[in-house]
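**Student:** task: produce atomic coordinates for the following.
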Amino acid sequence: MRLSLSADAPLPQTRRLHLTAGRFFSHARTDTGWTDLAALAALERFYRECGIPFAVERAFAAPSPASPHGSGVSFDLGRLLPGPLRRELRKKAVQSGLFYRVEPEFSCPDCVHVDCLPRPRLREGDAGVFVFYLQALLRQREVYSDVCTGVFGEPTRRAVLRLQTAESLPHSGIADEALWYAILRR
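**Tutor:** This next block holds a predicted model:
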C-alpha cells in the first residue's frame with residue numbers, strides 16, 4: 001500500500017518540530033519515508049529543552065558510504081538564526097549529550113549540523129552499510145587497500161588493528177566507539 005503525505009504534514013513521531021514531510025523528502029535522495037525513532041526522539045527532546053526556537057532546515061536520509069550521513073539521520077538546524085544565537089544553539093547541542101556528533105562552526109558556519117545516531121560496534125563477520133562506511137574511512141586513512149565490500153572480513157580486521165596501533169588504542173580488531181572517534185575526528 002502506498003501512502004501520500006501533504007507537504008506540510010509533520011513527520012511521524014514529531015510533535016513540535018518544524019520538520020515537515022515536504023522538507024524531509026525535498027532534501028532526501030529517496031522516496032522511502034523511513035525515519036529513525038531514536039533520532040527523532042533526540043531531536044524532539046532537544047527542541048523542547050534548549051530554549052531556542054529553531055527550524056530543521058535539512059534532513060539527510062540517503063545511505064551513502066562516503067558520507068557521514070550514511071550511517072544514520074543527520075539534520076541541519078537553525079540556518080536562519082543570527083550568528084550569536086546559532087553559536088548558542090551549537091553549544092547547547094554539544095552540552096545536551098543527545099547527539100552523536102555536532103559539526104564545529106568552521107566546517108558548518110551557516111547552520112548547526114548534528115548526527116543523531118552512533119556508529120555500531122563492528123567485528124569480523126558483520127556486514128552492511130556500516131561496514132562499507134568503515135572500510136571507506138579506513139581507505140581514506142590509508143590502512144585499508146582492499147575493495148569496500150560491506151563485509152567485515154580478515155582484511156578489514158587487519159586494517160582496524162593497524163589504525164588501533166597508529167592511534168595508541170587497545171588492539172581488539174573491533175571497531176568500537178574509540179575507533180570511530182579516532183577516524184571521524186580528522
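
**Student:** how far is the strand or helix carrying A178 from where the chain is centred?
**Tutor:** Using DSSP states H and E, A178 sits within helix 177-184. Centroid displacement of helix 177-184 relative to its chain, using C-alpha atoms, centre = their mean, to the nearest Å, is 13 Å.

**Student:** now do that helix: which elements does it pack against?
**Tutor:** In terms of contacts (3 or more C-beta pairs under 8 Å, 6 or more residues apart in numbering; DSSP states H and E), helix 177-184 is packed against helix 129-140, helix 154-166. (Glycine included, C-beta is placed from N, CA and C.)

**Student:** try it again at 7 Å.
**Tutor:** helix 154-166 (3 or more C-beta pairs under 7 Å, 6 or more residues apart in numbering; DSSP states H and E).

**Student:** quick one, the helix holding A178 and helix 154-166 angle?
**Tutor:** 80 degrees (axes from the mean of the first three to the mean of the last three C-alpha atoms, to 10 degrees).

**Student:** list the buried residues in stretch 89-99.
**Tutor:** Buried residues in stretch 89-99, counted by 16 or more other C-beta atoms under 10 Å: 89-90, 92-93, 98-99.

**Student:** stretch 168-178 now?
**Tutor:** By 16+ other C-beta under 10 Å, the buried positions in stretch 168-178 come out as 169, 173-176.

**Student:** ok, now stretch 39-47?
**Tutor:** 39-40, 42-44, 46-47.

**Student:** C-alpha coordinates for it, PDB please?
**Tutor:** Output in PDB follows, covering the C-alpha atoms of stretch 39-47 (Å, rounded to 0.1, in the frame of the first residue of the first chain):
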ATOM      1  CA  ALA A  39      17.000  10.200  16.100                       C
ATOM      2  CA  LEU A  40      13.600  12.000  16.000                       C
ATOM      3  CA  ALA A  41      13.200  11.500  19.800                       C
ATOM      4  CA  ALA A  42      16.600  13.100  20.400                       C
ATOM      5  CA  LEU A  43      15.800  16.000  18.100                       C
ATOM      6  CA  GLU A  44      12.400  16.500  19.700                       C
ATOM      7  CA  ARG A  45      13.800  16.400  23.200                       C
ATOM      8  CA  PHE A  46      16.500  18.900  22.200                       C
ATOM      9  CA  TYR A  47      13.800  21.200  20.700                       C
END
